[in-house]
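Visitor: Build me a model from this:
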Amino acid sequence: MKEKFNKTYDLLYDMYPDGYFVHRFSRFDKDFLGFTKISSELREFYIRQELIIEIMKREILDFEIQKKSPFRPDAKYFLITNFNNMIIKPILYQILENDKEISEDILREYVTSDIKTIMYNSLEIKKEQLISGHDILKSIDSLWPKLLSTKMELWG
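Guide: Now for the predicted structure:
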């Protein structure tokens, strides 16, 4: 992998999630940077999403400290963007629509457990010094039936 892409993935990971900028600027009217005000429901969605993503980032950081930084930048970005887009966002949407089958506490628990499971499995299957995005993908594939989030039948 080219070094310039490592730097790019590092930057994208550090800035993630992109919604951060949307709800922060939404307090301004359309004249400022062309943003229009967004609904309070959408702002709440972004804030809740950010909180769960911060939990994920802490888990990833704790893992890197314990295992002496085993991730390539693309692996962290792959893990966090896929969990956010395929698990966190759809479930948060349902929660905000008053779906009583799942709560944010359960979502946090499932995400935390699954992230840890995937990271530790990726460490075992990696072929190089650092865990790659491909190692994360292989890990998710091999762990699929064991992940808590798959029990919600979001996708499959």
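Visitor: what about the helices in this structure?
Guide: 3-15, 19-25, 40-66, 73-83, 89-96, 104-125, 133-143 (DSSP state H).
Visitor: elements contacting the fourth one?
Guide: For helix 73-83, the contact count by 3 or more C-beta pairs under 8 Å, 6 or more residues apart in numbering; DSSP states H and E identifies helix 3-15, helix 40-66, helix 104-125, helix 133-143 as packing neighbours. Yep, even glycine has a C-beta here, placed from its N, CA and C like the rest.
Visitor: just to revisit the earlier point, tell me the most buried of the helices of the chain?
Guide: A comparison of these by mean neighbour count, using mean count of other C-beta atoms under 10 Å, puts helix 73-83 on top with a mean of 21.
Visitor: CA atoms only for it - export them in PDB, please.
Guide: Extracted in PDB, the C-alpha atoms of helix 73-83 (Å, rounded to 0.1, in the frame of the first residue of the first chain):
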ATOM      1  CA  PRO A  73      -5.000   3.100   8.700                       C
ATOM      2  CA  ASP A  74      -7.200   1.600   6.000                       C
ATOM      3  CA  ALA A  75      -8.300  -1.200   8.500                       C
ATOM      4  CA  LYS A  76      -9.500   1.200  11.100                       C
ATOM      5  CA  TYR A  77     -11.400   3.300   8.500                       C
ATOM      6  CA  PHE A  78     -12.900   0.200   6.900                       C
ATOM      7  CA  LEU A  79     -14.100  -1.100  10.300                       C
ATOM      8  CA  ILE A  80     -15.600   2.100  11.500                       C
ATOM      9  CA  THR A  81     -17.300   3.200   8.200                       C
ATOM     10  CA  ASN A  82     -18.800  -0.200   7.600                       C
ATOM     11  CA  PHE A  83     -20.200  -0.500  11.200                       C
END
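Visitor: In contact with the closest residue to Lys126 other than its chain neighbours, which residues?
Guide: Spatial nearest neighbour of Lys126, excluding adjacent residues (C-beta to C-beta, 6 or more residues apart in numbering): Asp135 at 4.8 Å. Asp135 sits next to 75, 122, 125-127 when contact means C-beta atoms under 8 Å, 6 or more residues apart in numbering.
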